[in-house]
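>>> need coordinates for the below:
(2 chains)
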Amino acid sequence: MQTKILLDEEQIPKKWYNVQADLKSPLDPPLHPKTQKPIGPADLSAIFPMELIRQEVTTDRQIDIPEEVREVLQLWRPSPLYRAHRLEKFLKTPAKIYYKWEGVSPAGSHKTNTSIPQAYYNMKAGMERIATETGAGQWGSAMSFATMLYDLECTVYMVRSSYTQKPYRKSMMHVWGAECLPSPSTKTNAGRAMLEKDPDTPGSLGMAISEAVEDAASHSNTNYALGSVLNHVCLHQTVIGLECREQLALVDDYPDVVIGCVGGGSNFAGISFPFAGDKLTGKHKDVDIIGAEPASCPTLTKGLFTYDLADEAGYTPLLKMFTLGHDFVPPSMHAGGLRYHGDSPIVSRLVNDGVMRAVAYHQSEVFDAAQTFARTEGIIVAPETSHAVKSAIDEALKCKKSGEAKTILFNCSGHGNFDMSAYDDYYSGKLVDYEYPDDLIKESLARIPKIS
Amino acid sequence: MTRIGFLINPIAGMGGAVGLKGTDDKVEDALLRGAEPQAKNRAKITLNFLKKSKSLIFFTPAGAMGEDALRETGIHDVQIVSHPANKTTALDTKIAAQNFIERDVELILFCGGDGTARDIFDVVGRDIPILGIPAGVKMYSAVFAIDPSTAAEIVLTQGVLSYRDSEVMDVDEEAYQAGELKTFLYGIARVPSETGKTQTSKQVFEESDEERAKGDIARFIREIMIPDVLYILGAGTTTGSIACELGVTKTLLGVDAVKNGKTIARDIDEKALWVLLNETHEAKIVLSPIGAQGFILGRGNQQISARIVRRLGIKNIIVVATPHKLRETPVLYVDSGDRILDAEFGNTVLVVSGYRMAQRKPIYQPQRG
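Next up is the predicted model:
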């Protein structure tokens, strides 16, 4: 009975898969926040290197992964695919559950899959410094690790509530030589304005993005890097799903259900886009692709599919995506990495087109699932990842009811070793089941007179 | 040094042990039935924790109303503010409270029940925060610590505490003696809250400031208010903050009605509300849970009766509460007097707790326990 399905280092994908090539129609273009006209490469060149801008807009199906990047990825890739025998037995399900374990990366999550190429392209473009934001600290630590490898400086604006809650994520960033500031900070105009408006704000990813973008735009030696949402970020993460497909082929399997947790959408994109591509091209029409999100920030399940800003202050382009509004500050729940008002435009499009679907969960039920997982498979997952675990368990229990032996694959995107205070809160009954009051909002919005 | 006003209602709790539902005006009866004073012993548990602190000065009435317990615990940094007679009454409590104001105490720590809370509140109102060591027969007010040692803990962390609004409840004594519980909202006191202690917790930013939370709730409710719909605002400061956001004043303890940002009716009783609703095309109720137990209906919001709720439908009730309040009431209650209606509320309710934010909270349903 095989538990770990492993690939050799030379089987690390040589090309990323770009799902844009298989969309039935092109994505709606990003719009300039002031002119509301489609933006061009020049608009982005102040904060991104040209190669990443190219990757953002290209519709080429495959994009080469530079050999120098693959060499770094070898530190932890290919990551193992596990068959969750113990979880299956515990659930008494006929389903086969597989999970891709991304917690083996140095920073402890999937985020390094994109921080490495982003830092690499910036180094190649002659940049000296990166400014970025982080929610729960996963991305900030991944980018700190990557910039260290390429001798770049790094400033991380960390959402204030996480900065207080997760002090060891800061420590990791310091070990790798980065500067980490609580956001909103007094270092940027955007941060100062937000603090003036609300000195006690817990911060949000949208606020932190504004600060990092401003920092990058106002320093010629500095570029900006984003850990999720954007097309090139999702592209880099496809190594996850591409490896999974190979690993499952080794055991002669293919998933009926593919699951990831969703904040900005990058780990979900990573595991699902290759399978979404199979669905779009008709190779596997029936694969069910599920994004699991928090009920307190239910972007895909309750948001509107429309153009919105990616940040709080309005520095970023308008993206066509599912959104709860760029001024929405999600509550300070434990899955800080999922506290984002919007979502990846590609994920949003695929959900809107019915290629993927989404589910939303409360905090306490995802921790129930995380506990089950830790007590069967051993791994203590990050609160973000626990949403995917919950969805996988739900699907496996559905199989138990129906008697179907489906193959369920989920992305186990990161470990929770720095989130033990969240588990403490769970055990002491302090978790709050936040929920977005969707009905109240929709009822009132429905009565607003439409202005043409 | 922190100046603490300390007061014991020596007869509090005596009735409970001998089957009386309260002790007010029944001391003799209680004594005849063999009741023994127990408030002092409860208070001494708290004082035993406090005696180690060198930064507290106590102001207290002489004898059984405070001084004795303090001295027996070994606390000598005590200033006497009044001299009650042997047989103490509500008036002695009020005199002591008045003296506490004159001595500029920063917190009143009292040992008693709902009656004691009301007497102190009558004098100090919201000017001085109060905290109860639970010792009474009836404790429906939200001003009590969960037990005497927690009361000590709260006093000792006074410097890092925030304050929250807590309801002082009034129980209909006659009905209560007859076995029927009728509680009314009497006032809203300021009570120290422990929140500040948990700096590492996730909720620290969100919950450290109750006023901020109320402002967020109010901003959200204002945003979702629909033109030409009548909004009935229940009792309390959270609904009060909604009125404030609309730029109107609201009866703190009563029920008001607003429409299109203007007050339509103030402090209306059940009958007037019924008439108003029958003249109205569409209405919604905004309520906040009341009392220590967190009642959505049936305590302090009696104007909103079962027939009113039935008339509007449960779906038109919007429940609002600050994260502070919700943390202290893990389960909410509904007691409209109509059990079928109560059951229709189901097992959970969505409570608006911030701007575009709510919490899913369980409702106690007796048949399920």
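>>> what comes up buried for stretch A:10-20?
Going by neighbour count (16 or more other C-beta atoms under 10 Å in any protein chain shown), the buried part of stretch A:10-20 is A:Ile12, A:Pro13, A:Trp16, A:Tyr17, A:Asn18, A:Val19, A:Gln20. C-beta: built from backbone N, CA, C; applies to glycine.
>>> how about stretch A:224-231?
A:Tyr224, A:Ala225, A:Leu226, A:Gly227, A:Ser228, A:Val229, A:Leu230, A:Asn231.
>>> try stretch B:138-154
Buried, per 16+ other C-beta under 10 Å, within stretch B:138-154: B:138-145, B:148, B:150-154.
>>> out of these, which are inside strands?
Of the buried residues of stretch B:138-154, none are assigned to strands by DSSP state E.
>>> got any ranges where the chain has weak pLDDT?
In the absence of a named chain, chain A is used. Applying pLDDT under 70 to chain A picks out residues A:444-452.
>>> chain B, not that one
In chain B, residues with pLDDT under 70: B:15-25, B:158-161, B:179, B:181, B:194-209, B:366-369.
>>> grab the most central residue of it for me.
The residue lying closest to the centre of chain B (C-alpha atoms, centre = their mean) is B:Glu167, at 2.2 Å.
>>> show me what contacts that one?
Neighbouring residues of B:Glu167 by C-beta atoms under 8 Å, 6 or more residues apart in numbering or on different chains: B:141-143, B:185-189, B:236, B:290-292, B:300.
>>> rerun that using 6 Å as the cut-off
By C-beta atoms under 6 Å, 6 or more residues apart in numbering or on different chains, the contact set of B:Glu167 is B:Ala142, B:Leu185, B:Ile188, B:Ile290, B:Gly291.
>>> how close does B:Thr93 get to chain A?
Distance, B:Thr93 to chain A, by C-beta to the nearest C-beta, to the nearest Å: 36 Å.
>>> report how many residues lie close to that residue.
By other C-beta atoms under 10 Å in any protein chain shown, the residues close to B:Thr93 number 27.
>>> likewise B:Glu180?
9.
>>> which SS state does it fall under?
Following DSSP: H, G, I helix; E, B strand; the rest coil, we place B:Glu180 in the coil state.
>>> tell me which helix or strand A:Ala216 sits in.
helix A:205-217 (DSSP states H and E).
>>> quick one, phi/psi of A:Leu319?
phi -110, psi 140 (degrees, to the nearest 10).
>>> quick check, it in contact with A:Ala310.
Yes - assessed by C-beta atoms under 6 Å, A:Leu319 is found in contact with A:Ala310 at 5.5 Å.
>>> ok, the two, which is more surrounded?
Higher neighbour count among A:Leu319 and A:Ala310: A:Ala310, with 28 against 25, using other C-beta under 10 Å.
>>> which residue comes closest to that one once chain neighbours are left out?
With C-beta to C-beta, 6 or more residues apart in numbering or on different chains as the criterion, A:Ala310 has its nearest non-adjacent residue at 3.9 Å, and that residue is A:Thr316.
>>> chain A contacts on the stretch 251-369 of chain B?
Contacts of the stretch 251-369 of chain B with chain A, taken as C-beta under 6 Å from any C-beta of the partner chain, map to B:Val352, B:Arg356, B:Met357, B:Ala358, B:Gln359, B:Arg360.
>>> show me the contacts for the fifth one.
Applying C-beta under 6 Å, 6+ apart, we find B:Gln359 in contact with A:Val432, A:Asp433, A:Tyr434, B:Leu326, B:Val351, B:Ser353.
>>> ok, the buried residues of stretch A:10-20 vs A:Tyr340, which is closest?
A:Val19 (20.2 Å; C-beta to C-beta).
>>> phi, psi for the closest one please.
Dihedral angles for A:Val19 - degrees, to the nearest 10 - are phi -70, psi -20.
>>> need the residue closest to the centroid of chain A.
Note: chain A centre (C-alpha atoms, centre = their mean) maps to A:Ser266, 3.4 Å.
>>> burial count for B:Pro227?
Count around B:Pro227 with other C-beta under 10 Å applied: 11.
>>> hmm, back to that, what about the residue nearest to the centre of chain B, which SS state?
Strictly by three-state DSSP, B:Glu167 counts as strand.
>>> same check on B:Pro362?
With three-state DSSP as the basis, B:Pro362 sits in strand.
>>> shouldn't A:Tyr82 be within a helix?
No - the assignment for A:Tyr82 (three-state DSSP) gives strand, which keeps it out of a helix.
>>> the buried residues of stretch A:10-20 in helices, which ones?
Secondary structure defined by DSSP state H assigns none of these to helices.
>>> what is the neighbour count of B:Arg42?
For B:Arg42, using other C-beta under 10 Å, the count is 22.
>>> only the buried residues of the host helix or strand of it, if you could.
Using DSSP H and E, B:Arg42 maps to helix B:39-50. Of all the residues in helix B:39-50, those buried under the rule 16+ other C-beta under 10 Å are B:Ala39, B:Lys40, B:Arg42, B:Ala43, B:Lys44, B:Ile45, B:Thr46, B:Leu47, B:Phe49, B:Leu50.
>>> B:Asp269: neighbouring residues, count only.
For B:Asp269, using other C-beta under 10 Å, the count is 12.
>>> nearest residue to it other than its sequence neighbours?
B:Gln303 (5.7 Å).
>>> now the residue of the stretch 1-150 of chain B found nearest chain A, nearest residue through space, not along the chain?
The stretch 1-150 of chain B approaches chain A most closely through B:Ile146 (14.1 Å), counting by C-beta to the nearest C-beta. Leaving aside its chain neighbours, B:Ile146 sits nearest to B:Pro134 (7.6 Å; criterion: C-beta to C-beta, 6+ apart).
>>> equivalent analysis for B:Leu341, please.
B:Ala306 (5.1 Å).
>>> okay, now that neighbour: neighbour count?
Applying other C-beta under 10 Å, I find that B:Ala306 has 17 neighbouring residues.
>>> how about A:Val19, nearest residue that isn't a chain neighbour?
Here the residue nearest A:Val19, using C-beta to C-beta, 6+ apart, is A:Phe273, at 4.4 Å.
>>> please identify the helix or strand for the one you found.
Since the elements are taken from DSSP H and E, A:Phe273 ends up inside helix A:266-280.
>>> immediately after that helix, which helix or strand?
strand A:288-294.
>>> for that following strand, output the C-alpha coordinates as CSV.
This file holds the C-alpha atoms of strand A:288-294, laid out as CSV (Å, rounded to 0.1, in the frame of the first residue of the first chain):
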residue,chain,number,x,y,z
ASP,A,288,-15.1,18.7,-10.2
ILE,A,289,-12.9,21.6,-9.2
ILE,A,290,-13.7,23.2,-5.8
GLY,A,291,-12.3,26.3,-4.1
ALA,A,292,-12.8,26.4,-0.3
GLU,A,293,-13.0,29.9,1.2
PRO,A,294,-13.9,31.4,4.6
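>>> so, in contact with chain B or not, that strand?
No - using C-beta under 6 Å from any C-beta, strand A:288-294 stays clear of chain B, with a minimum separation of 11.8 Å.
>>> that strand vs helix A:266-280, what angle?
160 degrees (axes from the mean of the first three to the mean of the last three C-alpha atoms, to 10 degrees).
>>> strand partners of strand A:288-294, parallel vs antiparallel please.
strand A:257-261 (parallel), strand A:357-361 (parallel) (DSSP bridges).
>>> ok, and what's touching the last one?
Spelled out, that is strand A:357-361. A:Ile290, A:Gly291, A:Ala292, A:Glu293, A:Ala295, A:Pro298, A:Leu300, A:Thr301, A:Val351, A:His387, A:Lys390, A:Ser391.
>>> tell me which helix or strand comes right after that strand.
That would be, after strand A:357-361 and using DSSP H and E, helix A:363-376.
>>> is the helix or strand just after that next one positioned near chain B?
Using DSSP H and E, the helix or strand that follows helix A:363-376 towards the C-terminus is helix A:383-402. No - on the criterion C-beta under 6 Å from any C-beta, helix A:383-402 is out of touch with chain B, staying 10.0 Å away.
>>> quick one: distance of helix A:383-402 to the chain centre.
19 Å (C-alpha atoms, centre = their mean, to the nearest Å).
>>> thank you, goodbye.
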